[in-house]
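Asks: can't give you the sequence, but here's the structure:
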């Protein structure tokens, strides 16, 4: 492994390189692109480093089309395992909590220590059924 590859592996291993819908949604505040994720996954695979992908689905603005695009993308990566999440957990004092309140999904009375999840309108039950079908076909994927 050359110096450049070592630096890239060090960079990748010290950062959150999850693939999720946040690459399209600036409110998630991720600072990498789909191309960055693919390059990191391929480099790690080239050096025999196991990896697990995490895919968050159902956030604000998510549609069936964007879900299918994200699932296709993560399926194309050389991952050892994939963790799928239906909905985005709403944490107190975050932009997502503010948005969920503005949309009437939660109120100021909600105790967010008890999990509440944001799932974009129109995705359930389709999303649940789609994820169950996928994991039944892929033993290294979980939901």
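Replies: Arrived safely, thanks for sending. Everything quoted here is computed from the prediction, not taken from an experiment.
Asks: give me every residue that touches residue 118.
Replies: Going by CB atoms under 8 Å, 6 or more residues apart in numbering, residue 118 touches 58, 59, 60, 87, 88, 89, 90, 96, 99, 100, 105. No exception for glycine: its C-beta is placed from N, CA and C like everyone else's.
Asks: and the gap between the third one and residue 90?
Replies: To tie it back to what came earlier, the one meant is residue 60. 11 Å (CB to CB, to the nearest Å).
Asks: what is in contact with these two at once?
Replies: By the contact definition CB under 8 Å, 6+ apart, residue 60 and residue 90 are jointly contacted by 96, 118.
Asks: Would you state the strands of this structure in chain order?
Replies: For the chain, the strands defined by DSSP state E cover 52-57, 81-86, 88-89, 117-118, 141-142.
Asks: Can you lay out those as a markdown table showing mean pLDDT and distance to residue 132?
Replies: A markdown table is the format used below for the strands of the chain (pLDDT from 0 to 100; distance: least, CB to CB, whole Å):
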| stretch | mean pLDDT | distance to residue 132 |
| --- | --- | --- |
| strand 52-57 | 93 | 13 |
| strand 81-86 | 96 | 10 |
| strand 88-89 | 94 | 19 |
| strand 117-118 | 96 | 17 |
| strand 141-142 | 96 | 11 |
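Asks: would a markdown table of those strands with distance to residue 40 be doable?
Replies: Putting these into a markdown table (distance: least, CB to CB, whole Å) gives the following:
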| stretch | distance to residue 40 |
| --- | --- |
| strand 52-57 | 11 |
| strand 81-86 | 15 |
| strand 88-89 | 22 |
| strand 117-118 | 27 |
| strand 141-142 | 19 |
